[in-house]
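Engineer: Below: sequence and its predicted model.
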Amino acid sequence: MPTLSPARLCAARTLMEVQEGRHAEYGLTEWAPASPEDRGLARHLVLGVLRRRGQLDAVVRSHARKRVGRESRMALHIGLFELHFSRTPAHAAVDQAVQLTKVLGRGQQAGFVNAVLRRAQGQRLPDVPNHAPWIVERWRSRYPDADAWLARLDTEAPLAIATKDDVCPFPEARPAEAGGKVVPRSWHLDRAGRVEALPGYDDGSWWIMDPAAAMACDLLDVQPGERVLDACAAPGGKTMRMAAAGAVVTACDKSSGRLTRLEENLERTNLDAATKKQDWSKRGWEGEPFGAVLLDAPCTSLGTTRRHPEVRWNRKETDPFAMAVLQDKVVEGVLTALAPGGRLVYAVCSPEPEEGPERVQAALERHPDLTLETEICTAPPQGDEDAFYAALLRRS
C-alpha cells in the first residue's frame, strides 16, 4: 500500500480551512511537513488548486451523480491538479489521491475518486473562469481585456522583492514594473525557490514587496529625516521602504501579532521605526501630527488574487460595500494625525471603485481642506504587479 505524502495531507487540510475563510498561509504554517521539499510541494499544491479551482470543480461536477463530500473533493482537486499541472507520474497522482481520501476518513469514496481521476487522464480541463462568478461579472463589465487578466491570474506569480538600494543580489532578477513604469529598487525573480534560503535574506538586504505597493509608497515622496506615519503598517514592507529612504517612521497597526511580525522584519533588515498599536476606526491620534502619512487601508485585497488565490473564493459580493464603511472610519481616524499643509497617500490593493476613488471622493467632500493631487491605478495590471489604487491628498 503506498504511503501518503505529508505534503498532500498538509495541502488538503489547508484547502479545507480556506473553504472556511482562513488564509492559506496559516494552514501551510500550522500543518507544515518536516522536510523543506514537502513544504514546497504543499505550497505548490495549495496555491495551484486555488488558482484552478473553477476548472477542477467543473470536472468533479461532470463526473458526480450525487453530492461529493468536502474531503473527497479536496482529494480530487489535488489529484486533478497534479495530473494536469505537475510532473508527478499519473499513476502516483491517482494513488496518492486515493490514499488521501482514505486518510481523511472517506474510504467509502476511494473507488469514486480513483475512477474520476483515471477518466480525467489526458482530458483537457474545461475553459471556465477560476474566480467567483460575481468577480468575473464585475471585471468583465468594467475592463475590455478582463479575460486576459483573469487568465494571467491563473498562473504562478514571480517573486517580487524590494531592496534597500539600487543593488540587487540576484543577477537573474529583472527590474519590476507597475502601471507600465519601472519601479526603483523593485525586482522580479521568476524562479525563486524557498524564500528564507535565498541569498541576502538573512542579512536583510531585501524583503518581499509587490512593485505596485512600492509605487503607492513612493507616491508620498518621503525625504531623509522627515517624520512619517505608516498608519496600517504590518507586515512592514512600506515601513522598511521609507526607513531605507532615511525617513523617521512611526508604524501603527491594530494587531499585536502583526506588529510583532513587523518588528521582526525591521530587525532582520537592520532598519529602525517606532511601532504603536492603534485602531484608527475607534480612536484618533493623540501625539504630534505628521507632515507625511501613508494609509494602506484595510480592503478586500481583490487586487492580489494571483499571489493570494484564496481571496478570489473567500470574498462576497457585498464585501466592497462593507469595507467602504470601515475605510471611511479609518480615514477619519488617520486624518487626526495629518498636520496642516501635510500630505496623505490613501492606497488599497483592490481595483474596486467602492474602495478606491469613491472613498477618496467621499473624504474630499467631508473635508474641504483636502485637495487631490495625483491618482494611480494599476488595474488591470500591464505586467506581473498587483492591482492597486493610490491617491495623493494634501491638506491646506
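Structural biologist: Received the coordinates, thanks.

Engineer: how about the strands in the protein?
Structural biologist: If DSSP state E is used as the criterion, the strands of the chain fall at 159-163, 174-178, 181-189, 206-208, 227-230, 248-253, 274-277, 290-296, 338-348, 370-377, 389-395.

Engineer: so which of those comes closest to Pro320?
Structural biologist: Pro320 lies closest to strand 338-348 among those, at 10.0 Å (CB to CB). Glycine gets a C-beta too; all of them are placed from N, C-alpha and C.

Engineer: Could I get the contacting residues of Met215?
Structural biologist: For Met215, the contact set (CB atoms under 8 Å, 6 or more residues apart in numbering) comprises Ala178, Gly179, Lys181, Val183, Ile376, Thr378, Glu385, Phe388, Ala390.

Engineer: Turn the strands of the chain into a markdown table, including mean pLDDT and mean neighbour count.
Structural biologist: Below are the strands of the chain laid out as a markdown table (pLDDT from 0 to 100; neighbours: other CB atoms under 10 Å):
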| stretch | mean pLDDT | mean neighbour count |
| --- | --- | --- |
| strand 159-163 | 96 | 24 |
| strand 174-178 | 97 | 20 |
| strand 181-189 | 97 | 19 |
| strand 206-208 | 96 | 22 |
| strand 227-230 | 98 | 24 |
| strand 248-253 | 98 | 24 |
| strand 274-277 | 98 | 14 |
| strand 290-296 | 98 | 24 |
| strand 338-348 | 98 | 21 |
| strand 370-377 | 98 | 15 |
| strand 389-395 | 98 | 22 |
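
Engineer: the helices in the stretch 251-396 of the chain, which residues?
Structural biologist: Along the stretch 251-396 of the chain, the stretches classed as helices by DSSP state H, counting those that start in this stretch are 256-269, 311-314, 319-335, 357-366.

Engineer: what's the most buried one of those?
Structural biologist: helix 311-314 (a mean of 22; mean count of other CB atoms under 10 Å).

Engineer: What lies in contact with that one?
Structural biologist: Outside helix 311-314, the residues within contact range by CB under 8 Å, 6+ apart are 18-19, 21, 50, 53, 130-132, 135, 153, 300-302, 304-305.

Engineer: farthest-separated two in those residues?
Structural biologist: Using CB to CB, the pair of the contacts of helix 311-314 lying farthest apart is Gly21 and Leu153, separated by 20.3 Å.

Engineer: More neighbours: which of these two?
Structural biologist: Higher neighbour count among Gly21 and Leu153: Leu153, with 21 against 10, using other CB atoms under 10 Å.

Engineer: Go ahead and confirm the more buried one touches Asn130.
Structural biologist: Yes - distance between Leu153 and Asn130: 7.5 Å, which falls inside the contact criterion (CB atoms under 8 Å).

Engineer: Give me the common contacts of the two.
Structural biologist: With contacts defined as CB under 8 Å, 6+ apart, the residues shared by Leu153 and Asn130 are Arg51, Arg312.

Engineer: Contact partners for Asp154?
Structural biologist: Arg51, Arg52, Asn130.

Engineer: Now do the contacts for the second one.
Structural biologist: Spelled out, it's Arg52. The contact partners of Arg52, taken as CB under 8 Å, 6+ apart, are Phe81, His84, Phe85, Leu125, Asn130, Asp154.

Engineer: Let me know the closest of the contacts of Asp154 to Ser5.
Structural biologist: Arg52 (19.6 Å).

Engineer: So what does that closest one look like in phi/psi?
Structural biologist: The phi/psi pair for Arg52 (degrees, to the nearest 10) reads phi -120, psi 20.
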